[in-house]
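S.K.: Task: produce atomic coordinates for the following.
(one chain, ligands or ions: 1)
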Amino acid sequence: MTKDSFNFIYGDTIGAARAALDPGAFGYYSGGALEQVTMSESAESWKRFRFVPKIPETRGDTSTDVEFAGMELPNPVFISPMACQSLLRVEAESGMAQAAALVNVGYALSTRTSVPIPKVAEAYYDTSAVERLRSQLPLWHQAALEQLGRSGADRRWLPMFQVYQMEDSSISDALVQEAKECGFAAVLLTIDTPTIGIRLNDRRESFSLPDTYPEVVYERMGKGLDGSTEGKSSLFQPRGRINSLSQDKTVGMTAVSHLVGVGGLPVVVKGVSRASDLRAAMEHGAAGGLFSTHGGRQLDRIRSTADSLFAELESSCDPSVAADGGVRTGTDVLTAMCLGASAVGIGRFAAWAFAAGGPVGLACYLIEVLTELRLSLLLIGVDSADELDRTMLDRPGDR
Ligand SMILES: Cc1cc2nc3c(=O)[nH]c(=O)nc-3n(C[C@H](O)[C@H](O)[C@H](O)COP(=O)(O)O)c2cc1C
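M.R.: Purely as a prediction, here's the structure:
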């Protein structure tokens, strides 16, 4: 496929997003840590693999159904948590969540959300708004969505909540409780961010995140879990507020067991690079691990997710494994599944589609990804994801 025909299908979403965004916001979303070695390699590293299809006995209807972290899901795709989506579009987290709900992919809400948790949940579960969105899709995408809905109709992705353990863990605990009350189905505990990576784009643009996130937390903690304001006063002081909202530098396996006890939701550890860490997290009660480099925004020159899956895992579509980093197309998703993931997160490419085309643009992009995944499963020679195995993938460059 030439670059032009690729762009015909996906559109030059990055260019359109850049044109739509303020330079500071574009720099924040598009940037990685330091020299951006990991970030630049991430997308390329999926493309180093080649499929080795098999000829099946019979070909039936392909199903993208998977199981991940104890959840029965209609497909493996979810939108990775990204901070402050009001920088992308006025519809912000609510608009992204609605597009995800329409296409029935997962949506992970960042702790650093710009919209309060209950409002995002309300948008996600607002079926008439979601149906209105369907009616705004171009006809081809409406038809494609209808096709996708036929299999897995009895399975539904529910939103997930990403949490940073805070220095004052009563704050992160309260947010998890709130997410649970609002119908979130799982928690992603980000373990790769004891501190924020060095991001030169932000320095260049003198960019810092708007104050929406402390406001969201303030609103929650101001009320308190029991509705009272007693004992919450330090949060109302600017200094106290900032200190208590700092991420806990000691975050590790103890935080996993702690969080398992907090909300009773499945906990997925986000930011894993080694199988041994995944096993340790599961021994501490986690339901799964998300192999991730945080989009190359934390430690630069960290091994790409594709390379970690290749080096660390043996089976395909493992129900305890998710992955993200540089994923753009349905064939990237299929590669990640062959390498071990049963759930695959998309970060920036979802953000670009959303910035460029709003909830409709994002929904169209997600429909393209799922349609391509469905066709790719058929072409690789399986009826369903659980038939994928490692012999279906090769990395010719290694020989
Ligand atoms: C602008 C931006 C903000 C992010 N914010 C968060 C966050 O708040 N919490 C988190 O766990 N990960 C965050 N991430 C990392 C993503 O969840 C995900 O791991 C990464 O974006 C995947 O790589 P990709 O963007 O190449 O798809 C962020 C990533 C970006 C690009």
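
S.K.: where does the stretch 51-200 of the chain have low pLDDT?
M.R.: Residues of the stretch 51-200 of the chain meeting the criterion pLDDT under 70: 151-153.

S.K.: show me where it has helices.
M.R.: In the stretch 51-200 of the chain, helices defined by DSSP state H, counting those that start in this stretch lie at 92-103, 117-124, 127-135, 139-150, 169-181, 200-204, listed in chain order.

S.K.: Need the winner for burial among those.
M.R.: helix 92-103 (a mean of 26; mean count of other CB atoms under 10 Å). To be clear about C-beta, it is placed using only N, CA and C from the backbone, and glycine gets the same treatment.

S.K.: out of the helices of the stretch 51-200 of the chain, nearest to residue 60?
M.R.: Proximity to residue 60 (CB to CB) singles out helix 139-150 among those, at 13.0 Å.

S.K.: which other helices and strands contact the closest one?
M.R.: Applying 3 or more CB pairs under 8 Å, 6 or more residues apart in numbering; DSSP states H and E, one finds that helix 139-150 contacts helix 92-103, helix 127-135, helix 348-380.

S.K.: tell me the pLDDT at the residue in the stretch 151-300 of the chain that the ligand sits nearest to?
M.R.: Closest residue of the stretch 151-300 of the chain to the ligand, CB to the nearest ligand atom: residue 295 (3.1 Å). Residue 295 carries a pLDDT value of 96.

S.K.: if we can go back for a sec, distance to the ligand for the helices of the stretch 51-200 of the chain - can I get that in CSV?
M.R.: Output for the helices of the stretch 51-200 of the chain, formatted as CSV (distance: least, CB to the nearest ligand atom, whole Å):
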stretch, distance to the ligand
helix 92-103, 11
helix 117-124, 14
helix 127-135, 23
helix 139-150, 21
helix 169-181, 12
helix 200-204, 10
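
S.K.: Go through these and name the closest to residue 66.
M.R.: Here helix 139-150 is closest among the helices of the stretch 51-200 of the chain (CB to CB), at 14.2 Å.

S.K.: Pull the residues that contact that closest one.
M.R.: 75, 102-104, 134-135, 137, 363-364, 367-368, 370-371, 374 (CB atoms under 8 Å, 6 or more residues apart in numbering).

S.K.: Output it as CSV - backbone C-alpha positions only.
M.R.: Provided in CSV are the C-alpha atoms of helix 139-150 (Å, rounded to 0.1, in the frame of the first residue of the first chain):
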residue,chain,number,x,y,z
LEU,A,139,-23.3,6.0,6.0
TRP,A,140,-20.4,3.6,5.3
HIS,A,141,-19.3,3.8,8.9
GLN,A,142,-22.9,3.3,10.1
ALA,A,143,-23.1,0.1,8.0
ALA,A,144,-19.6,-1.1,9.2
LEU,A,145,-20.6,-0.5,12.8
GLU,A,146,-23.8,-2.5,12.3
GLN,A,147,-21.7,-5.4,10.9
LEU,A,148,-19.3,-5.2,13.9
GLY,A,149,-22.2,-5.2,16.3
ARG,A,150,-23.5,-8.6,15.1
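
S.K.: Give me the distance from that helix to the chain's centre.
M.R.: 23 Å (CA atoms, centre = their mean, to the nearest Å).

S.K.: who touches stretch 347-357?
M.R.: Contacts for stretch 347-357 (CB under 8 Å, 6+ apart): 11, 13-14, 16-17, 20-21, 29-30, 79-80, 82, 85, 88-89, 95-96, 99, 295, 324-325, 327-328, 361-362, 364-366.

S.K.: again, only this time at 6 Å
M.R.: 13-14, 16-17, 20-21, 29, 79-80, 82, 88-89, 96, 295, 328, 361-362, 365 (CB atoms under 6 Å, 6 or more residues apart in numbering).

S.K.: re the thing from before, so for residue 65, which of the helices and strands packed on helix 139-150 sits nearest?
M.R.: So among the helices and strands packed on helix 139-150, helix 348-380 is nearest, using CB to CB, at 10.8 Å.

S.K.: Quick check: phi and psi at residue 332.
M.R.: phi -60, psi -40 (degrees, to the nearest 10).

S.K.: what does the chain have sitting close to the ligand?
M.R.: Contact residues, the chain versus the ligand (CB under 6 Å from any ligand atom): 28-29, 42, 80-83, 110, 112, 162, 190, 270, 292, 294-295, 297, 324-327, 346-348.

S.K.: which ones among those residues are found in strands?
M.R.: 162, 190, 270, 324, 346 (DSSP state E).

S.K.: The first one: neighbour count?
M.R.: Summarising burial for residue 162: neighbours were counted as other CB atoms under 10 Å, giving 25.

S.K.: what's it in contact with, if anything?
M.R.: Residue 162 neighbours (CB under 6 Å, 6+ apart): 81, 108, 110-111, 188, 190.
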